[in-house]
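Asks: predicted coordinates and the sequence they were generated for:
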Amino acid sequence: MSLKIFYDEIDYRLKGWRNITKVFNEVIRENRFIPGDLSFILITDTNIRKINQEFLKHDYFTDVITFGYNEGNILNGEIYISLETVESNSINYEVSLRNELLRVMSHGIIHLIGYDDNTEEERREMRRIENLWLKRLGEDTGDV
């Protein structure tokens, strides 16, 4: 089992990685999965757009792209995150960069666990789960 974070052309470094992996491993297990090899790759807008074009045939920027390689109940995957888009979103949503990055990381894992966000109802459910995870990570969720 291995949760790793990689920075590709990114100066930012996420602090508290040991605690973050502890919480992510706990919630993965609580969802009846075994943490396997999971990589978070922080990249630029330009690079995430290239991945989006090549693999998903979408010609636009996004904050996160998740590739799942689960083997049964062993959770494996790669989660590509555009730090530039996450930073823009953090400004728009008036949250810290750390908070928005942890939300997007959680979002990627939630996809690997089997949730989708194709409908408004599915998006609300994923947001609810993201908020639970953010609370476990000690982050504000913006709940009133």
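Replies: Cool, got the structure. Residues are numbered from 1 along each chain as shown.
Asks: got phi/psi on the most centrally placed residue in the chain?
Replies: With distances taken as Cα atoms, centre = their mean, M105 lies nearest the centre of the chain, 1.9 Å away. Per-residue torsions, M105: phi -60, psi -50 (degrees, to the nearest 10).
Asks: hmm, I81 and it touching each other?
Replies: Yes - in this structure, M105 is within contact of I81 by Cβ atoms under 8 Å, at 6.9 Å. Glycine gets a C-beta too; all of them are placed from N, C-alpha and C.
Asks: got any residues that touch both of the two?
Replies: F40 (Cβ atoms under 8 Å, 6 or more residues apart in numbering).
Asks: for the residue nearest to the centre of the chain, which non-adjacent residue is spatially closest?
Replies: Spatial nearest neighbour of M105, excluding adjacent residues (Cβ to Cβ, 6 or more residues apart in numbering): F40 at 5.8 Å.
Asks: just to revisit the earlier point, what residues are up against the residue nearest to the centre of the chain?
Replies: By Cβ under 8 Å, 6+ apart, the neighbours of M105 are I20, F24, F40, I79, I81.
Asks: hmm, try it at 10 Å
Replies: By Cβ atoms under 10 Å, 6 or more residues apart in numbering, the contact list for M105 reads 3, 5, 14, 20, 24, 38, 40, 42, 64, 79, 81, 86, 130, 133, 137.
Asks: pLDDT at I34, what is it?
Replies: Listed pLDDT for I34 reads 97.
Asks: now for it: which residues touch it?
Replies: M1, N25, I28, N70, E71, G72, N73, I74, L75, N76 are the contacts of I34 under Cβ under 10 Å, 6+ apart.
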